[in-house]
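Colleague: fold the following, please.
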Amino acid sequence: MRLPAAAVCLLACTTAATASGLPAFDSAAYCAKVGFVGMTQTTTTLDGCSAQEASARADLMPVWPNVPDDLRSHCVLAAEFTGTGSYALLASCLAKTAAERALNGGETVGN
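Modeller: Numbering: from 1, shown residues only. Okay, the predicted model is just below:
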């Protein structure tokens with residue numbers, strides 16, 4: 001999963017409050033939950049989820065130090081909604097919220 005260019009620019013151009021590392025999500029546990037379709041686990045879904053999680057984590061690593069604390073907190077909560085956390089959900093939240101802020105002059109609408 002790639003972050004949209006506008007989101008990457010907004011995140012990278014924002015001054016960082018802290019430079020802590022990415023949260024430690026259990027991608028294997030998350031994908032094990034997602035891998036079930038109906039009552040059986042599918043290898044295709046599990047493998048796709050694992051690849052998406054690894055890609056999202058790799059995409060987030062260089063921009064995470066530049067993500068403002070309030071955006072981090074908001075999106076980590078959203079990404080942990082499943083109980084295990086997901087880098088793909090985190091990246092999606094960051095991209096959506098950053099784009100929303102860009103469209104609204106820096107203000108977040110909604111949540």
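
Colleague: can we go C-alpha only for contacts and neighbour counts from here?
Modeller: Will do.

Colleague: list the buried residues in stretch 49-64.
Modeller: Buried positions in stretch 49-64, judged by neighbour count with 16 or more other Cα atoms under 10 Å: Cys49, Ser50, Gln52, Glu53, Ala54, Ala56, Arg57, Asp59, Leu60, Val63, Trp64.

Colleague: repeat that for stretch 30-48.
Modeller: Within stretch 30-48, the residues scored as buried using 16+ other Cα under 10 Å are Tyr30, Cys31, Ala32, Val34, Gly35, Thr45, Leu46.

Colleague: can you give me the strands for the protein?
Modeller: 36-37, 40-41 (DSSP state E).

Colleague: ok, Pro62 - contacts?
Modeller: Under the criterion of Cα atoms under 8 Å, 6 or more residues apart in numbering, Pro62 has no neighbours.

Colleague: and for Cys93?
Modeller: By Cα under 8 Å, 6+ apart, the residues touching Cys93 are Cys75, Ala78, Ala79.

Colleague: what does Tyr87 give?
Modeller: Residues in contact with Tyr87 (Cα under 8 Å, 6+ apart) are Phe25, Ser27, Glu53, Ala54, Ala56, Arg57, Leu60, Ala79.

Colleague: if we can go back for a sec, just checking, which of the buried residues of stretch 49-64 belong to helices?
Modeller: Restricting those to those inside helices, with DSSP state H as the criterion, leaves Cys49, Ser50, Gln52, Glu53, Ala54, Ala56, Arg57, Asp59, Leu60, Val63.
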